[in-house]
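Visitor: Sequence below, structure please.
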Amino acid sequence: MFYKFAAVLTTLLAIYIYRSGRAFFHLVLTVPNLPEGYFVGGDYRDHCVVIKDEKDGRFNHCEHMVFWDHLDEEDHITNRFVLLSCDPGRREWNTVMGPMNNPDPFGNLWIYSTETGSLSPVALANYPEGHDFHPIGVDVYPSKAGAPSNLFLINHARENSSIEQFVLDPAQPTVATHVRTLTSSYFVAPNSIALTSPASFYLTNDHLMTYRLPRPFGSILSTIETIGGPPLTWVAHVTVLPDGSIEHKFAALGIAFANGVALSGDGLHLAVASSSLAKVHFYRRDPSTNDLTLDRDVIVPFGPDNVMYDDDDTLIVAGHPHFPSFIAVVENKPGAKAPSWAVSIRPIAASEDGESEGQKFSRSKKAGYDSRAPLSASAIAPASSTDEVETIFQSDGSVYGTATTGLIDSRTGIFYLTGLYEDGVLVCYPGPRNV
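Guide: Numbering: from 1, shown residues only. From the prediction side, this is the model:
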């Protein structure tokens, strides 16, 4: 009997090492030798600045951000804002990583104008009295010819997690009018959202065993799922009907810690971050059915948090290179800092001389990819045969830590980065700035 048990245990351990050993070694056991700061566009001291709320100091702990585009009749961008979901009370209320001590302080939304550089809080109109507000994943549909936009966000309230629907009007961009609260038993641990229409979206659930379970099971089982990476989470597609009911459809199952999700500009590809395995899953999407088919995986040198496509359909991925350092910040230990890393992922294009993808892969693997960064991604993650990975920003946490979401405005080349436990948002410009 003992030998049978030992054989089963050995088999399970071997499977775990094969599947998760690399991620566990680099994300948990190894402290990455990251620089104080690095930006691909030049010296970070000349190119990057942290934008803060100098008035009230409430623009902090921002988890997610998206572009809110204003389009003309021909779908040309006439104005672009950055919409951010933030929660100054995150150190006391975090349903993903803990703790869950005090849900009373409200989170907030902020809007930043890429045209004027102005930063403003977003007021919540018609928001239900007594209903908590702890936003994380958010997405907003573009406004066309001055029409209002639907905004959906995930709210980690005290009793359960819900999805809040708002309307944003370009005539009053600093006011979000609440429409409804969506709840469902399917919303076990909703994390990120990617709109497929003004009233439908893909939704990730990041854990099956959550911090909401009775103590001590919540913290123990959630941590085991985070580090162990069992394939227990999923992506769903949700359609909101006119009466406020929903149609829910499982789209991708068997993901380890499904975190950020993003839809490509053409609507044909969906990217999903697997935080536990340090991978990004790329799916082919059927727009007529919203069915997903796994296309490929790309390994990144950190635990990916959120993923966002830029205007050229290059994927921007931000996340956490060292889990213990991140937990030290979550637990508010004195002097703790957690590193940040953000990369771009773009498909390898066939060269004009007819070089095959396999030839390009062999050449890039031999030379080493991501050669400009102080700590190259190639030192941690094996080269991809399908995609090119390049570091945009990295820091040991001294300049900017706990990275969650990266955005690039392809029109201007400006890079934006949020930090889950940081004050303000990092903005890096393609040219030197006098800051």
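
Visitor: which ones are touching H47?
Guide: F39, G41, C428, Y429, P430, G431, P432, R433 (CB atoms under 8 Å, 6 or more residues apart in numbering). All C-beta atoms are positioned from the backbone trio N, CA, C, and that covers glycine.

Visitor: any idea where the helices of this structure begin and end?
Guide: Ranges of helices in the chain, per DSSP state H, are 2-24, 44-47, 217-228, 323-330, 357-367.

Visitor: buried subset of the contacts of H47?
Guide: Taking 16 or more other CB atoms under 10 Å as the criterion, what is buried in these is F39, G41, C428, Y429.

Visitor: Kindly indicate which of those residues lies nearest S395.
Guide: F39 (9.3 Å; CB to CB).

Visitor: Specify the beta-bridge partners of that closest one.
Guide: Bridge pairing for F39 (DSSP bridges) gives the partners G42, F393.

Visitor: List the contacts of it.
Guide: Contact analysis of F39 by CB under 8 Å, 6+ apart lists H47, C48, I392, F393, F415, C428.

Visitor: need these in TSV with distance to D266 and pLDDT, can you?
Guide: Compiled in TSV, the contacts of F39 are given as follows (distance: CB to CB, whole Å; pLDDT from 0 to 100):
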residue	distance to D266	pLDDT
H47	31	97
C48	31	98
I392	23	98
F393	27	98
F415	23	98
C428	27	98
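
Visitor: Buried residues in stretch 123-138, which are they?
Guide: Of all the residues in stretch 123-138, those buried under the rule 16+ other CB under 10 Å are L124, Y127, H131, D132, F133, H134, P135, I136, G137, V138.

Visitor: tell me the contacts of the second one?
Guide: Contact analysis of Y127 by CB under 8 Å, 6+ apart lists F133, H178.

Visitor: now the last one
Guide: If a contact means CB under 8 Å, 6+ apart, then V138 has H64, M65, V66, L83, S85, L109, L151, F152, L153, I154, I193 as its contacts.

Visitor: now Q394
Guide: Q394 neighbours (CB under 8 Å, 6+ apart): L34, P35, G37, Y38, P321, P339, S340, W341, A342, A373, P374, L375.

Visitor: Can you tell me which of those comes closest to H70?
Guide: Closest approach to H70 among the contacts of Q394 (CB to CB): A342, at 26.2 Å.

Visitor: Tally up the residues packed near the closest one, please.
Guide: A count of neighbours around A342, defined by other CB atoms under 10 Å, yields 31.

Visitor: rewinding a little: can you put the contacts of H47 in TSV and add distance to R411?
Guide: As requested, the contacts of H47 are exported to TSV (distance: CB to CB, whole Å):
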residue	distance to R411
F39	19
G41	15
C428	15
Y429	13
P430	11
G431	14
P432	19
R433	18
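
Visitor: Go through the residues you listed and name the one nearest F302.
Guide: Once CB to CB is applied, the member of the contacts of H47 that ends up nearest F302 is F39, at 16.5 Å.

Visitor: And W341, how far from T412?
Guide: 23 Å (CB to CB, to the nearest Å).

Visitor: Out of the contacts of V138, which is nearest to T402?
Guide: Within the contacts of V138, the smallest distance to T402 is 13.0 Å, found for H64 (CB to CB).

Visitor: Surely that closest one is in contact with S192?
Guide: Yes - with contact defined as CB atoms under 8 Å, H64 reaches S192; the gap is 7.2 Å.

Visitor: what about those two, which has more around it?
Guide: More neighbours surround S192 than the other of H64 and S192, with 29 against 26 (other CB under 10 Å).

Visitor: Check what pLDDT the residue lying closest to the more buried one once chain neighbours are set aside gets.
Guide: In space, and not counting its chain neighbours, S192 is closest to G137: 3.8 Å by CB to CB, 6 or more residues apart in numbering. According to the prediction, G137 has pLDDT 98.

Visitor: now G358
Guide: pLDDT, G358: 56.

Visitor: Pull the contacting residues for R285.
Guide: Shown in contact with R285 (CB under 8 Å, 6+ apart): L263, G267, L268, H269, L270, D291, L292.

Visitor: again, only this time at 10 Å
Guide: 196, 202, 237, 251, 263-264, 266-270, 291-293, 295 (CB atoms under 10 Å, 6 or more residues apart in numbering).

Visitor: Put the buried members of these into a PyMOL selection.
Guide: To isolate the buried members of these in PyMOL, using 16+ other CB under 10 Å:
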select buried, resi 196+202+237+251+263+264+269+270+292
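
Visitor: isn't K279 right up against V272?
Guide: Yes - using CB atoms under 10 Å, K279 is in contact with V272, at 9.1 Å.

Visitor: thinking again about what came up before, now do the shared contacts for H64 and S192.
Guide: I136, G137, V138, D139, I154, G260, D305, N306, T405.

Visitor: got the contact list for the fourth one?
Guide: Just to be clear, that refers to D139. By CB under 10 Å, 6+ apart, the residues touching D139 are 64, 66, 68, 83, 150-154, 192-196, 201-202, 261-263.

Visitor: Out of those residues, which sit inside strands?
Guide: Among the contacts of D139, the residues falling in strands (DSSP state E) are 64, 66, 68, 83, 150-154, 192-196, 201-202, 261-263.

Visitor: between W341 and T412, who's got more neighbours?
Guide: Applying other CB under 10 Å to W341 and T412 shows that W341 carries more neighbours, namely 29 against 11.

Visitor: Next one: that one, what pLDDT does it get?
Guide: For W341, the predicted pLDDT is 98.

Visitor: ok, it touching F326?
Guide: No - if you go by CB under 10 Å, W341 and F326 don't touch, sitting 11.6 Å apart.

Visitor: So for those two, which residues contact both of them?
Guide: Counting by CB under 10 Å, 6+ apart, the contacts common to W341 and F326 are G303, G319, H320.

Visitor: Now rank these by neighbours and give me the top one.
Guide: G319 (30 neighbours).
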